[in-house]
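A.B. asks: Everything below, folded, please.
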Amino acid sequence: MRAVYVKMTVATVLLGSYLVAGKLILKEVPVFTATFFRLVSAVAVLAVYVAVKSPGLVRPGRRDRAVIFTQALFGVFLFSVLAMYGVKFTGAIEAGVILGMVPISICLVAVLFLRERLSARRSIGIGVAVLGAAGINALSAGSSGGGSNEALGALLLVGAVLCEAVFVTFGKLLSRPIPPATLSLILSVVGALMFLGPAAAETSLAGLSQISWQTWALMAYTGVAINGVAVVLMYDSLASADTAVVAAFTALTPVSGAVLSVLLLGEHLHTYHVAGMVLVITGVYLVAKEKGEKPAIGAAVQEKSGAPDSGSMRGVEETAANRKGSVVDHA
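C.D. replies: Predicted coordinates:
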């Protein structure tokens with residue numbers, strides 16, 4: 001069991017580093033180009049993992065191909081664009097807290113479109129998490145004087161969270177289950193193809209030659225370490241760890257992101273950051289773990305690694321809350 005804890009701790013730290021790495025990458029590389037090379041790196045890692053763990057070609061039917069395309073559009077393409085531009089206009093700490101609310105958004109989408117029940121406990125959890133995230137961003141905008149930029153960044157991040165929720169709910173529409181790692185690989189390939197055109201228009205070959213080796217290393221890192229290693233570690237952890245334990249670890253992702261933001265980006269951790277993170281983690285826990293019922297965040301969800309990803313980051317929260325019927329990411 002100690003080995004599982006080590007795996008989940010490493011995965012949490014890697015996922016928390018996504019926005020920090022993204023913030024550094026965006027100083028030199030545009031959004032579409034950075035995301036394209038991240039997904040290419042992820043494809044390389046996931047292709048090896050899938051070949052070793054589950055050899056054999058999965059051929060989705062026509063209906064499932066349409067579902068996967070929609071998942072890639074919302075969960076990989078739009079999520080990545082909104083998340084990267086969002087972190088560009090906000091601090092990595094604030095962005096991490098908002099993106100940590102993916103389970104909350106999934107619950108809301110399930111209630112609105114899948115007619116799932118919203119209990120008093122879940123309502124309180126949603127309210128507590130929203131209060132924490134909103135408070136952090138309001139106080140951050142006020143203290144920094146950034147005003148409209150921070151507000152725009154927060155709005156983009158909320159859009160990214162909603163895109164992730166659409167991705168998860170569409171996973172229920174697959175006619176037959178696809179192994180999570182294989183689905184992650186497929187989504188990364190489709191996502192990379194979606195980003196190829198915009199990236200080519202955004203950056204020329206001459207522009208690529210001007211990118212420093214440090215930034216190239218960071219782009220490779222986000223694909224290999226976050227969308228690859230972190231995803232694999234989470235998959236392995238789900239095989240032997242209780243859902244509540246995994247959920248507790250993934251809820252710490254915004255915390256690890258905040259610590260890394262302070263250490264690597266020189267951002268300042270204020271009291272309201274800590275208070276907001278506590279509220280968000282508490283709200284996510286209340287929603288994900290309701291006594292006597294299945295987790296609130298969809299009982300049978302397929303995962304992905306598109307962004308923060310997984311995702312990335314984007315998918316690990318889904319996995320933790322949906323061990324039954326699924327086994328994410330992201331990152």
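
A.B. asks: Tell me the secondary structure at residue 24.
C.D. replies: Following DSSP: H, G, I helix; E, B strand; the rest coil, we place residue 24 in the helix state.

A.B. asks: OK, contacts around it?
C.D. replies: By C-beta atoms under 8 Å, 6 or more residues apart in numbering, residue 24 lies in contact with 215, 218, 264, 265. No exception for glycine: its C-beta is placed from N, CA and C like everyone else's.

A.B. asks: Let's verify residue 117: helix, strand, or coil?
C.D. replies: coil.

A.B. asks: and it, how many neighbours?
C.D. replies: Neighbour count of residue 117, defined by other C-beta atoms under 10 Å: 9.

A.B. asks: Same check on residue 128?
C.D. replies: The tally of other residues near residue 128 (other C-beta under 10 Å) stands at 20.

A.B. asks: Just the buried ones from the contacts of residue 24?
C.D. replies: The neighbour-count test (16 or more other C-beta atoms under 10 Å) marks 215, 218 as buried among these.

A.B. asks: Residue 168: which of the contacts of residue 24 is nearest?
C.D. replies: Nearest to residue 168 out of the contacts of residue 24 is residue 218 (C-beta to C-beta; 27.8 Å).

A.B. asks: Check which helices and strands the helix or strand hosting that closest one sits against.
C.D. replies: Taking DSSP states H and E as the criterion, residue 218 maps to helix 213-221. The contact analysis (3 or more C-beta pairs under 8 Å, 6 or more residues apart in numbering; DSSP states H and E) places helix 213-221 against helix 18-25, helix 31-53.

A.B. asks: any idea of the mean pLDDT for it?
C.D. replies: Averaging pLDDT along helix 213-221 gives 91.

A.B. asks: would you put the C-alpha positions of that helix in PDB?
C.D. replies: Taking Å, rounded to 0.1, in the frame of the first residue of the first chain, the C-alpha atoms of helix 213-221 are listed here in PDB:
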ATOM      1  CA  TRP A 213      16.100  24.300 -25.400                       C
ATOM      2  CA  GLN A 214      14.700  24.900 -21.900                       C
ATOM      3  CA  THR A 215      11.300  25.600 -23.400                       C
ATOM      4  CA  TRP A 216      11.500  22.600 -25.700                       C
ATOM      5  CA  ALA A 217      12.300  20.500 -22.600                       C
ATOM      6  CA  LEU A 218       9.300  21.900 -20.700                       C
ATOM      7  CA  MET A 219       6.900  21.100 -23.600                       C
ATOM      8  CA  ALA A 220       8.200  17.600 -23.800                       C
ATOM      9  CA  TYR A 221       7.900  17.400 -20.000                       C
END
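
A.B. asks: That concludes my questions; thank you for your assistance.
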